[in-house]
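Trainee: Sequence first, then the predicted structure:
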Amino acid sequence: MFHASEDSLDDLMRVVFKQLLTGRGNFVVDSSKGKSTEVFGALLELKNPRARLSRSFSKAKAFSPLGELFWYLSGSDRVEFIKHYIPNYPKLIKDEVTANGAYGPRIFGKEALAKRDGASEWDRVIRTLREREGSRNALVQIYDNSDAKPKNGDKPCTCTIQFAIRNGQLLMHTHMRSNDAFFGLPHDVFTFTMLQEIAARELGLGLGRYSHSVTSLHLYHDSAATKGRPANLSTSGAEAYYREGFHDYSPMPEMPLGNPWKSIEQVKIAEHQIRTGNIDHTAPTNLDPYWLDFIELFRIHKIFEEMRKRGDDLRAERPELRRVAKIMKEISPIYRLYILGRLERKQAPVRDLFEHVG
């Protein structure tokens, strides 16, 4: 059993990559998605679940995990939604329309209807913990028997998520049958610890540690693109990440106190409006800055995506980039690294546009 307990996602990934790149006892596995180096049996612990975003040069991503989180929260299985944030998703699951293994409908109900009716798996878990703090039954099963033979290539990697209250804090444990260490692990840690903090706020509890067990924790070997599979540079990417050394410790801000679901519903509305073309959608003025920041990140992502579709040069100063710079001044500085990372080159005049932000 491989075990790692660290304060931040970056520290956790560094230990994981070291094991997969140089550790003893690994396996080489040839699966349907290609060859990989595997640790069979891993238990990872994140001591501070808010330190859920990488601060590295190569893995500093906030837009795609945030988009995936709100895909879950919306109870959606639509590929059109998630490919806005993860463009190669349709190729990964071999379906342009429906993600059969989507987590959102399983946790919150299709289009989150069960969540609004109080009949979702999530609501059952919350009721269970309110009725008995010592319960060991606050569990959501993601993987189902029918997933053994999916309609397309989309088979859930997550088996269960489980919550427990201990010493006034909400703990969370996720178990996965399979986890891609380079691409999947950072996204999974982000989305699941965000769900943990949402549940903690809904229950009025402190945020405890997050644990993450995996049967097959693996790193794919580099491979060229094929007709049915995108190129994979996971091993060389992990090597580059490890060469970066240690990274600064910058947790996300704390989620505001109180039940967060009214705010989440407003962000869901804003995300949908912005993603589908209303880039100037105005959020309610009484929304806490914590949630307003997410809306602005969705707006910035849409701006960058529209520029990419037009073939705009991100190295040239443009009105859209001036708008991004203005937004950066108004949101938490924790997110500036991820916005600047979307720029192709930090050269004048774009460099000059952004260097005085904050």
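Mentor: Received the coordinates, thanks.
Trainee: any idea which helix or strand carries the most centrally placed residue in the chain?
Mentor: In the chain, the residue lying closest to the centroid (C-alpha atoms, centre = their mean) is residue 65, at 2.8 Å. Per DSSP states H and E: residue 65 is located in helix 63-73.
Trainee: contacting residues around the residue nearest to the centre of the chain?
Mentor: 53, 186-187, 190-191 (C-beta atoms under 8 Å, 6 or more residues apart in numbering). Using the backbone N, CA and C atoms, a C-beta is placed for each residue, glycine as well.
Trainee: out of those, which is most surrounded?
Mentor: residue 53 (26 neighbours; other C-beta atoms under 10 Å).
Trainee: Relative to residue 117, how far out is that residue?
Mentor: 33 Å (C-beta to C-beta, to the nearest Å).
Trainee: hey, where'd the helices end up in the protein?
Mentor: 9-22, 63-73, 79-83, 89-93, 103-108, 113-117, 121-131, 184-203, 234-243, 261-275, 289-310, 319-330, 336-340, 350-354 (DSSP state H).
Trainee: Of all these, which one is nearest residue 153?
Mentor: helix 89-93 (4.8 Å; C-beta to C-beta).
Trainee: Check which helices and strands that closest one sits against.
Mentor: Applying 3 or more C-beta pairs under 8 Å, 6 or more residues apart in numbering; DSSP states H and E, one finds that helix 89-93 makes contact with helix 79-83.
Trainee: Could you pull out the buried residues of the helix it packs on?
Mentor: Across helix 79-83, burial judged by 16 or more other C-beta atoms under 10 Å covers 79, 81-83.
Trainee: what's the answer for stretch 244-258, then?
Mentor: Quick answer for stretch 244-258 (16+ other C-beta under 10 Å): 247, 252, 255.
Trainee: Closest one of those residues to residue 133?
Mentor: Taking C-beta to C-beta as the measure, residue 255 is the one of the buried residues of stretch 244-258 closest to residue 133, at 20.6 Å.
Trainee: For the stretch 201-350 of the chain, which residues score under the pLDDT cut-off?
Mentor: The stretch 201-350 of the chain contains residues with pLDDT under 70 at 314-316, 344-350.
Trainee: let's go with 80 and repeat that
Mentor: Residues of the stretch 201-350 of the chain meeting the criterion pLDDT under 80: 227-229, 313-317, 343-350.
Trainee: what pLDDT, on average, does the helix holding residue 65 get?
Mentor: Across helix 63-73, pLDDT averages out at 98.
Trainee: how big is the angle separating it from helix 261-275?
Mentor: When axes from the mean of the first three to the mean of the last three C-alpha atoms, to 10 degrees is applied, the directions of helix 63-73 and helix 261-275 differ by 120 degrees.
Trainee: Just want the angle from helix 63-73 to helix 289-310.
Mentor: Using the same axes, to 10 degrees: helix 63-73 against helix 289-310 is 110 degrees.
Trainee: Output helix 63-73 in CSV with nothing but the alpha carbons.
Mentor: Coordinates of each C-alpha in helix 63-73 appear next as CSV, following Å, rounded to 0.1, in the frame of the first residue of the first chain:
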residue,chain,number,x,y,z
PHE,A,63,-10.9,26.9,-15.2
SER,A,64,-11.4,23.3,-16.2
PRO,A,65,-11.8,21.9,-12.6
LEU,A,66,-14.2,24.7,-11.8
GLY,A,67,-16.2,24.0,-14.9
GLU,A,68,-16.3,20.3,-14.0
LEU,A,69,-17.5,21.1,-10.5
PHE,A,70,-20.4,23.1,-11.8
TRP,A,71,-21.2,20.4,-14.4
TYR,A,72,-21.6,18.1,-11.3
LEU,A,73,-23.6,20.6,-9.3
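Trainee: residues of that helix that come out buried?
Mentor: Going by 16+ other C-beta under 10 Å, helix 63-73 has these buried residues: 63-73.
Trainee: ok, now stretch 25-44?
Mentor: Using 16+ other C-beta under 10 Å as the test for burial, stretch 25-44 gives 26, 33, 35-39, 42-44.
Trainee: Among those residues, which has the minimum pLDDT value?
Mentor: Within the buried residues of stretch 25-44, pLDDT is lowest for residue 33, at 85.
Trainee: Now do the contacts for that one.
Mentor: 220, 229.
Trainee: what's the pLDDT at residue 195?
Mentor: So, for residue 195, pLDDT stands at 98.
Trainee: burial measure for it, as a count.
Mentor: By other C-beta under 10 Å, the residues close to residue 195 number 23.
Trainee: now residue 239
Mentor: By other C-beta under 10 Å, 15 other residues sit near residue 239.
Trainee: Which member of the contacts of residue 65 is positioned nearest residue 145?
Mentor: Of the contacts of residue 65, the one sitting nearest to residue 145 (C-beta to C-beta) turns out to be residue 191, at 24.1 Å.
Trainee: Distance check, that closest one against residue 53.
Mentor: 12 Å.
Trainee: Equivalent analysis for residue 303, please.
Mentor: 20 Å.
Trainee: Kindly report the same for residue 90.
Mentor: 26 Å.
Trainee: do the same with residue 258
Mentor: 23 Å.
Trainee: OK, contacts around the nearest residue to residue 337 once chain neighbours are set aside?
Mentor: Nearest residue to residue 337, sequence neighbours excluded (C-beta to C-beta, 6 or more residues apart in numbering): residue 60, at 5.4 Å. For residue 60, the contact set (C-beta under 8 Å, 6+ apart) comprises 53-54, 337-338, 341.
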